[in-house]
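Chemist: here is the input, now give the coordinates:
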Amino acid sequence: MTSNIIVLGRISTALGDPTQLVWSNTTLLTWLNEAVAEFPILRPLEKAQAIAAATHTFALPADFREVIWVEYPISQTPPALLKYKSHLDPNFYTSEEHYDVDRNYNASAGYMLWTSAELPAGSTVKVSYLGLHNYSMIYGD
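Modeler: Numbers count the residues shown, from 1 in each chain. You can find the predicted model right below:
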């Protein structure tokens, strides 16, 4: 495993500043942490949402950016993946195999996942998504 000091040295060299006269390790480390946080595609996240009361919607995590897949019901072989369809489409609720994502206008923040199937209390939905990662490199690692 490459240490942070070696990575920062490589970044300095790639920027044409191997002696760090322009950018310090502190600045480079800040940029590196921001880049890792903004690169969610490298490590998708998963959320298994337990449904407390029958519903067609639930709030997605605050770090949500884009859905990869939605599985419902879970633990089937092969996985039962829902297909995307706008919940505003008049035919959205005519089958139980669709999902949609929209802003959470009730909370004025975040996103909601909509399912064409009514999710019964006690069920679970699994969502794989792209999201921001809490990641922090510390100088000297």
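
Chemist: just checking, next helix/strand downstream of the least confident helix or strand in the chain by mean pLDDT?
Modeler: For the chain, the helix or strand with the lowest mean confidence is helix 25-37, at a mean of 82 (criterion: mean pLDDT, DSSP states H and E). Remark: after helix 25-37, the chain's next helix or strand is strand 45-50, criterion DSSP states H and E.

Chemist: and that following strand, C-alpha only, in PDB?
Modeler: Extracted in PDB, the C-alpha atoms of strand 45-50 (Å, rounded to 0.1, in the frame of the first residue of the first chain):
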ATOM      1  CA  LEU A  45     -23.000   2.600  -1.700                       C
ATOM      2  CA  GLU A  46     -25.900   0.400  -0.600                       C
ATOM      3  CA  LYS A  47     -28.900   1.100   1.600                       C
ATOM      4  CA  ALA A  48     -31.300  -1.600   2.800                       C
ATOM      5  CA  GLN A  49     -34.400   0.300   3.800                       C
ATOM      6  CA  ALA A  50     -36.800  -1.400   6.300                       C
END
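
Chemist: partners of that strand in the sheet?
Modeler: strand 124-131 (antiparallel) (DSSP bridges).

Chemist: list the buried ones in the least confident helix or strand of the chain?
Modeler: For helix 25-37, a neighbour-count test (16 or more other CB atoms under 10 Å) marks N25, L28, L29, L32, V36 as buried. Where C-beta positions appear, they are placed from N, C-alpha and C, glycine not excepted.

Chemist: which of these sits closest to N106?
Modeler: For the buried residues of helix 25-37, the minimum distance to N106 (CB to CB) is 32.5 Å, reached by V36.
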